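*Asks:* Sequence first, predicted model second:
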Amino acid sequence: MTHRFLMLGLIATLFSCQAPLTPTQVLFEDVKSQEGLIGKSDYLKSPFVTGGDRIYLIGNQDGSFSDLGWHVQGEMGGIWLHPIKLMDGFTSSIKVENQTYCLDKASSFTNFPFSNLHQFEFSSIGIEVERLQFVPDGKEGLTILFRVQNVDKSAKTVQFQFNAFVDLLPVWLGERTGMQDQQDLISFDEMTNTFSAKDQGNPWVTVWGTAEGITLFPENGFDCNYSPKGNGAAAGFSLEINLPGETEQIIPVFIAGSSESELKAMETLVDLRKNLDTDWYAKKKRYESLANLSEIQIPDSDLQNAFQWIKYNTDWLVRDVPGIGRGFGAGLQDYPWFFGVDSEYTIQGLIATGRKDLVYSTLELIHNLSEKENGNGRIIHEVSTNGAVFNPGNINETPQWTSTIWEVYRWTGDKELLEKYFPSIEKGLDWLLRENDKDGNLLADGYGMMEIHGLKSEMIDVAAYSQKAFADASKMAEILGKTELSKSYQQTADALADKINSDFWVEEFGSYADFIGTVEEALHLIDDAIIRADTLKKPWAVEELKATKAKLSTLPKDQKQGFVLFHNWVVNTPMETGVADPEKAKIALATAKKYTNPFGTFVTGIDRDEQAENEDGSFAGSKSFSYTGAVMTLPTGVSAIGEGRYGNPDGALDYLKRMTRSFGFALPGSMYEVSPDYGMFTQAWNMYSFGVPIVMQFFGIQPDAGNKVIYIRPQMPTAWEEASIQKVIVGDNEIKLSYVDKSGVRAIEVEQTQSKWGISIEIPEEFSKVKVLGKEVSSDTKDGYRRILITGKKVRVEASK
């Protein structure tokens, strides 16, 4: 980095005094009352995030900053205000009796739902320092508080130094929209006592300073070594603190930015100074409301805690970008921007946890970006925050969009939502088969979730998601009065279900095929797979692949059939969507368990070996980022949902427990994309992997908000005798559900705010004695369950055998 050095020292000296708590002291006291999670000492060099919808900070848990990420090489950490970056980071230090102590080796790190705290201990000089930071909602700035404590009885003079390392630069793909990085220049304004840094070729700016009323002047020199890459610049300030024995001083640092003007950034800085405590408590209140939504009480405290924090994790990923829209990114640090498929999975968990606001804004964002880029119903895959599209869409994203809209409708009953998005659904399903199904067999060709080079034939996940899409579109068309279209869509869905359970089923492997293609296509892929398996030292996979190759070599090269080559996780999507025949599902789910380790499901099954069940430590990733050998939370979540779909909650719980082993493994309060500690350190689609199995399957909440009915069929793990969930939002209704199963008696109680809604409680027929509390509207039996439709503010069913 090219530096332009500015060093600022205080004319005035800060003195501590015994007085009522200042707003900054109140914040340090208040954070103690929040649910903080302490990190592991082994992971203090790994990243964390201070999340915000406009701005966020990514640094290391020890208080340092480092070059992170590969999309903008080495630049994905630091402070970002999308679509620009503001800073690579900062250094801070204290000096006592001419000895400097850099604040980059924290003794501990505590993560809170919306803030973070680093602790630094210097016992030899009797000084402790805490660094607390948070980002106010909706503001283009953040606040950092340094609490310097004299833990000795003797007075001390401490010099504090803060140095900002600016690097104003564009987001990934910035060049596609004319964003070109230029040299940064820093200046200091004596009138406002603030620094400002400007990119010399753009209106991008960042400003920073400390509390009002402090006069600063420039000096040269930095106490701590930090040399990030780029066209940035650096500047800082120092101040002297006199600390009597057992006293403290808090130093605030406010950082703001703008992609438009220095005036706008300065207005934000003034706002941060003026509203410090107001901003803090407003965000705290909002996070408390997030915690209360779909809040669970279950016998598994680890799983309960992970589910609670996943709600926070998703909020860390919200990006509100002027001119683009508001939605959540896929993951940090390298995927802060917008994805079609990540949104489609995540939204299904989000809507079940009450985040209608974020669901609706993300739907609009993805829809607008897709229409602008494609205009034919095709849903985009990946878009940077400057609006530049990297991938206009894989084949699976368009059908998954259809099912996402249907799922949101089930929870909201919002017919206007259907009317708004159904035209794009019609276009998308037409595009899906008209442009991507050359042989007319209803199986679209192209990349699905597995982006393995060459693996773009008729993929199982594309087929499974397409089948569900046509079935869901049929229901939407019927609601909208398009009866003939509804029938046509259902016919396609039925035909696809038959093909999935016949053409894709491979009896020899007890699994659905990775793909359908020609023998010639399969042979080319086998050669690549053998090289991969051999390189990874997976002899069983090499042997299996060679046997498959020998068998295929005797067949006509143009013969088309289903192939199991990679044992990719997507072979489990027929169980996830429920299209698998029950007997085949039972076999396939048993097969799927072979391709797991203690953290979950392998992305590519041939990466597994006999040591997999003992691989419960750090993930040994390659030097350049890849998913080779990866176990990921999404495939594991799909496995859990598949187990739940076919009536095995204990199997689903096993997968959830596996995923939960990686919760807090590296970053307290978060779960990595690749288990347990590789790739993105927080990931949006974890909300799908936990929200759907817990809310919709364990608690069995299946809403039909359009008809003001909520179907409830709990499928609890056998070890769970009691469980409850509160503040579940369905349309304009809110429910609380309590479940008890003890001594042969099962009791399900539901409280709702809309007494006229129907609550359909479903009990297995083996429970022959049933007692109902509430107004019973009707009762029948279906699929081995007795269904009792009840209305009232509080309804209850007690059943025994």
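*Replies:* Yes, it's here.
*Asks:* my guess is Gly644 meets Asp650, correct?
*Replies:* No - counting by C-beta atoms under 8 Å, Asp650 is not a contact partner of Gly644; they are 10.0 Å apart. Bear in mind the C-beta positions are built from the backbone N, C-alpha and C, glycine included.
*Asks:* Of these two, give the one with the bigger neighbour count.
*Replies:* Applying other C-beta atoms under 10 Å to Gly644 and Asp650 shows that Gly644 carries more neighbours, namely 26 against 14.
*Asks:* which SS class is the closest residue to that one other than its chain neighbours?
*Replies:* In space, and not counting its chain neighbours, Gly644 is closest to Gln697: 3.6 Å by C-beta to C-beta, 6 or more residues apart in numbering. Three states are possible here, and by DSSP: H, G, I helix; E, B strand; the rest coil the one that applies to Gln697 is helix.
*Asks:* Tally up the residues packed near the nearest residue to Tyr43 once chain neighbours are set aside, please.
*Replies:* Leaving aside its sequence neighbours, Tyr43 sits nearest to Ala666 (C-beta to C-beta, 6+ apart; 4.6 Å). The local packing of Ala666 (other C-beta under 10 Å) involves 22 other residues.
*Asks:* Verify the assumption that Ala666 is located in a helix.
*Replies:* No - the assignment for Ala666, made by three-state DSSP, is coil rather than a helix.
*Asks:* Quick check: it vs Ala106, distance?
*Replies:* Ala666 sits at a distance of 15 Å from Ala106 (criterion: C-beta to C-beta, to the nearest Å).
*Asks:* ditto for Asp300
*Replies:* In terms of C-beta to C-beta, Asp300 sits 31 Å off from Ala106.
*Asks:* which one of those two has more residues nearby?
*Replies:* When Asp300 and Ala106 are compared for neighbours, Ala106 comes out ahead with 23 against 18, by other C-beta under 10 Å.
*Asks:* Compute the number of surrounding residues for Pro23.
*Replies:* Taking other C-beta under 10 Å as the criterion, the count of residues near Pro23 is 14.
*Asks:* which one is it nearest to, not counting chain neighbours?
*Replies:* Ranked by C-beta to C-beta, 6+ apart and with sequence neighbours excluded, the top spatial neighbour of Pro23 is Asp277, at 4.1 Å.
*Asks:* just checking, next helix/strand downstream of the one helix or strand that neighbour maps to?
*Replies:* Per DSSP states H and E: Asp277 is located in helix 276-292. Tracing the chain C-terminally past helix 276-292 and defining elements by DSSP H and E, one meets strand 295-297 next.
*Asks:* in the helix or strand just after that next one, what's buried?
*Replies:* The first helix or strand that comes after strand 295-297 along the chain, using DSSP H and E, is helix 301-316. Within helix 301-316, the residues that count as buried by 16 or more other C-beta atoms under 10 Å are 303-316.
*Asks:* Please tabulate these in TSV, including the columns distance to Glu673.
*Replies:* What follows is the buried residues of helix 301-316, written out as TSV (distance: C-beta to C-beta, whole Å):
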residue	distance to Glu673
Leu303	19
Gln304	22
Asn305	20
Ala306	15
Phe307	18
Gln308	20
Trp309	15
Ile310	13
Lys311	18
Tyr312	17
Asn313	11
Thr314	14
Asp315	17
Trp316	14
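*Asks:* Okay, helices next: where are they in the stretch 701-801 of the chain?
*Replies:* Applying DSSP state H, counting those that start in this stretch to the stretch 701-801 of the chain gives no helices.
*Asks:* Could I get the full set of strands for it?
*Replies:* 701-704, 709-712, 722-730, 733-742, 745-752, 758-764, 769-782, 785-800 (DSSP state E, counting those that start in this stretch).
*Asks:* Grab the nearest non-local neighbour of Leu290.
*Replies:* Leaving aside its chain neighbours, Leu290 sits nearest to Lys311 (5.3 Å; criterion: C-beta to C-beta, 6+ apart).
*Asks:* so the one you found makes contact with Leu293?
*Replies:* Yes - between Lys311 and Leu293 there is a contact under C-beta under 8 Å: 7.2 Å.
*Asks:* where do the contact lists of those two overlap?
*Replies:* Shared contacts of Lys311 and Leu293 (C-beta atoms under 8 Å, 6 or more residues apart in numbering): Thr353.
*Asks:* Could you check the pLDDT of the residue lying farthest from the centre of the chain?
*Replies:* Note on the chain: the largest separation between a C-alpha and the mean C-alpha position, by C-alpha atoms, centre = their mean, falls on Ser154 (48.4 Å). With respect to pLDDT, Ser154 has a value of 94.
*Asks:* Name the SS class of it, please.
*Replies:* Looking at Ser154 with three-state DSSP, the answer is coil.
*Asks:* can you pull the contacts of it?
*Replies:* Listed by C-beta under 8 Å, 6+ apart, the contact set of Ser154 reads Gly126, Gly245.
*Asks:* how close does it sit to Arg147?
*Replies:* Looking at Ser154 against Arg147, where the rule is C-beta to C-beta, the gap reads 19 Å.
*Asks:* Spatially nearest residue to Gly232, not counting backbone neighbours?
*Replies:* Leaving aside its chain neighbours, Gly232 sits nearest to Asp167 (3.4 Å; criterion: C-beta to C-beta, 6+ apart).
*Asks:* Sorry, wrong one. I was asking about Val695.
*Replies:* Once its chain neighbours are removed from consideration, Val695 has its nearest residue in Ala352; the separation is 4.3 Å (C-beta to C-beta, 6+ apart).
*Asks:* Please apply the same query to Ala291.
*Replies:* Looking at Ala291 with C-beta to C-beta, 6+ apart, the closest residue is Gln308, at 6.2 Å.
*Asks:* ok, now Asp184?
*Replies:* Taking C-beta to C-beta, 6+ apart as the measure, Asp184 lies nearest to Ala233, with 4.5 Å between them; neighbours along the chain are not counted.
*Asks:* Per-residue pLDDT of the one you found, please?
*Replies:* Per-residue confidence at Ala233 stands at 92 (pLDDT).
*Asks:* wait, it sits on Gln182?
*Replies:* No - using C-beta under 8 Å, Ala233 makes no contact with Gln182, being 11.5 Å away.
*Asks:* So for those two, which residue has more residues nearby?
*Replies:* Ala233 (22 against 14).
*Asks:* Give the bridge partners for the more buried one, please.
*Replies:* Applying DSSP bridges to Ala233 gives these bridge partners: Val166.
*Asks:* before we move on, what about Ile516?
*Replies:* Each beta-bridge partner of Ile516 is listed here: Glu458, Gly562, as defined by DSSP bridges.
*Asks:* for Tyr101, same thing?
*Replies:* Bridge pairing for Tyr101 (DSSP bridges) gives the partners Ile94.
*Asks:* So it versus Ile127, what's the distance?
*Replies:* For Tyr101 relative to Ile127 (C-beta to C-beta), the value is 8 Å.
*Asks:* what do these two both touch?
*Replies:* When contacts are counted by C-beta under 8 Å, 6+ apart, Tyr101 and Ile127 are jointly contacted by Ile94.
*Asks:* Can you name the residues that contact Trp406?
*Replies:* Applying C-beta under 8 Å, 6+ apart, the residues contacting Trp406 are Asp472, Ala473, Lys475, Met476.
*Asks:* And those residues, which is closest to Phe767?
*Replies:* Relative to Phe767, the closest of those is Lys475; by C-beta to C-beta it sits at 30.5 Å.
*Asks:* And that closest one, how close does it get to Trp720?
*Replies:* When distance is defined by C-beta to C-beta, Lys475 is 32 Å away from Trp720.
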